[in-house]
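*Asks:* please work out how this folds:
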Amino acid sequence: MVYGWVLHPVEYRDTSLVSLRYDYRTDYVLMVAEIYNSEGDAEQAIRQIAQLGNEPPVDTVIQALAYAAQMLYSPADLVMIQNLANALQTWSPTPIGINP
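*Replies:* Predicted structure coming up:
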């Protein structure tokens, strides 16, 4: 035990968000939902959620919503995650060079 904790502890470097445990992934989605709630930038939210893996970002958010509901997150948190999921389901990118 002394060897593993003192003499030669494991050092993690440059780990990605993909390696997060499910509960931390859900917390990350909640943080992105909070930012989306205040700024309303769906494109930014998609970029941030996409860092969690290869799944479509909306699927990641829906899975996080289900986990958050199961873990009894606050109603306000659930609403924010649901709002993010709704926004990602209806979002469509603006093609480059075209001004709306």
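*Asks:* helices and strands of the protein: which one has the lowest mean pLDDT?
*Replies:* One helix or strand of the chain scores below all others by mean pLDDT, DSSP states H and E: helix 2, with a mean of 74.
*Asks:* how distant is it from the center of its chain?
*Replies:* 36 Å (CA atoms, centre = their mean, to the nearest Å).
*Asks:* what's the first helix or strand after that helix?
*Replies:* helix 22-39 (DSSP states H and E).
*Asks:* and that next one, which residues are buried?
*Replies:* Judged by neighbour count (16 or more other CB atoms under 10 Å), helix 22-39 contains these buried residues: Arg25, Thr26, Asp27, Tyr28, Val29, Leu30, Val32, Ala33, Ile35, Tyr36, Asn37. Where you see a C-beta, it was placed from the backbone N, CA and C, and this is true even at glycine.
*Asks:* now do stretch 85-92
*Replies:* Ala85, Ala87, Leu88.
*Asks:* now stretch 43-51, how far from the centre of its chain.
*Replies:* Using CA atoms, centre = their mean, the offset of stretch 43-51 from its chain centre is 8 Å.
*Asks:* and what of stretch 76-90?
*Replies:* On CA atoms, centre = their mean, the centre of stretch 76-90 falls 12 Å from that of its chain.
*Asks:* need the contact partners of it.
*Replies:* 29-30, 32-34, 36-37, 42, 45-46, 49, 57-58, 61-62, 64-65, 68-69, 73 (CB atoms under 8 Å, 6 or more residues apart in numbering).
*Asks:* show the average pLDDT along it.
*Replies:* What stretch 76-90 shows for mean pLDDT is 96.
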